[in-house]
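> When you get a sec, could you give me coordinates for this:
(one chain, ligands or ions: 1)
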Amino acid sequence: MEIRIFDDQSELDRYAASLFAETVRRKPDAVLGLATGSTPIGIYEKIVEEHRRGLSFREVTTFNLDEYVGLPRNHEQSYYTYMQKHLFAHIDIRPENVHLPNGTADDLAAECARYDALLAKHPIDIQLLGLGHNGHIGFNEPDESLIGETHVVELKRETLEANARFFASIRDVPTHAVTMGVGAILRAKTIVLAARGTDKARIVKEALQGPITTKCPASLLQTHAHVIVLLDREAGRELE
Ligand SMILES: N[C@@H]1[C@@H](O)[C@H](O)[C@@H](COP(=O)(O)O)O[C@@H]1O
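Here you go, the predicted model:
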C-alpha cells in the first residue's frame, strides 16, 4: 500500500486526477470506478482541467459505487445529479458509457444483478474511493459480514447523520442505498483511496493500520495488491 500525504489540498486533488488521466492516456477505453461525497469534488475539477488540456473520455466507461434508493435521477441529491454536475457535464464522455445503479428501479434485486453483469463485462481499471467516518467504502457499512456483489443496504444512523448536511433535514436522507459490493471494489486493478480532515484521522488509522475486519470495511483494502492512499496532513496525523 502506497500512502502519500499532502500539505496542500489542491496538490492532493491534482495528484489523484493525474492517476486517472494517466490511466486514460495509457488506455483510452479505460474503465473508471467513481465515487461521490465531498472528498472527490476537487479531484473531479482537476480531471475536468485535464480534459480542457486535451484529454478525451470518448471511449471511457465509468461505474459509480452507489446510489440512494428512492431518489429519482434528477433529484438534486441523487448521485446521478452529483456526477453530472461535477464531472460528466464537463467532459466528452458518452452518456451510454456512464453507469450508476438505478435506485428507483421497481425490482432492486434485478437492478443489482444488471449492475453486476455490466461490471463483469467491464473490469475496473482504477477505482476512486472516499472513506466514511465509520469505515464504509461505497455504502458497504460495518457489519458482522460483508457482501461481495451489488446489493441494497440499510444505512447506519451515523451515515444518515453525516449525509444529513446535504438534505433539508435528516428525515429527508434516504434510509437505503444500492451499493457495489466489496468484491467488485477489490477486483479493481488499482484503488485510489482519498481522505481529508481531522475528523477522518481515527478511521484512516483504523483502516490502514488496524486489524482487517468487516467492522471496518475499508480495512479490507489492506488485502489488495495496488492501493494508493492520498491524505492531507490532518487525515494522516495518527498514522505511525
Ligand atoms: N457513499 C458515500 C461514500 O462513497 C463516501 O466515501 C462517503 C464519505 O464522504 P465525504 O467524502 O463527504 O466525507 O460518503 C458517502 O457516504
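> Okay, helices next: where are they in this structure?
Assigned by DSSP state H, the helices in the chain fall at 9-26, 41-52, 79-86, 108-121, 157-163, 182-187, 201-209.
> So which of the ones you listed is nearest T223?
Counting by CB to CB, T223 lies closest to helix 182-187 out of the helices of the chain; the figure is 7.1 Å. For every residue, glycine as well, the C-beta is placed using N, CA and C.
> Quick one: residues in contact with the closest one.
Contacts with helix 182-187, where a contact means CB atoms under 8 Å, 6 or more residues apart in numbering, come from 33, 65, 116, 119, 123-124, 127, 129, 137-138, 140, 146-150, 191, 217, 220-221, 223-224.
> at 6 Å instead, please
L119, N140, L146, G148, E149, L220, H224 (CB atoms under 6 Å, 6 or more residues apart in numbering).
> Near the ligand, which residues of the chain are found?
35-39, 65-66, 130-132, 138-139, 159, 163 (CB under 6 Å from any ligand atom).
> From the residues you listed, which land in strands?
Residues of those located in strands (DSSP state E): D66.
> Please check the residues of the chain next to the ligand and keep the buried ones.
35-37, 39, 65-66, 130-132, 138-139, 159, 163 (16 or more other CB atoms under 10 Å).
> For S78, which non-adjacent residue is spatially closest?
L71 (4.3 Å; CB to CB, 6 or more residues apart in numbering).
> give me every residue that touches the one you found.
Taking CB under 6 Å, 6+ apart as the test, what L71 contacts is S78, G103, P174.
> So what would you say the end-to-end distance of stretch 191-201 is?
19 Å (CA to CA, to the nearest Å).
> mean confidence for it?
Average pLDDT, stretch 191-201: 98.
> how about it: buried residues?
I191, V192, L193, A194, A195, R196, K200, A201.
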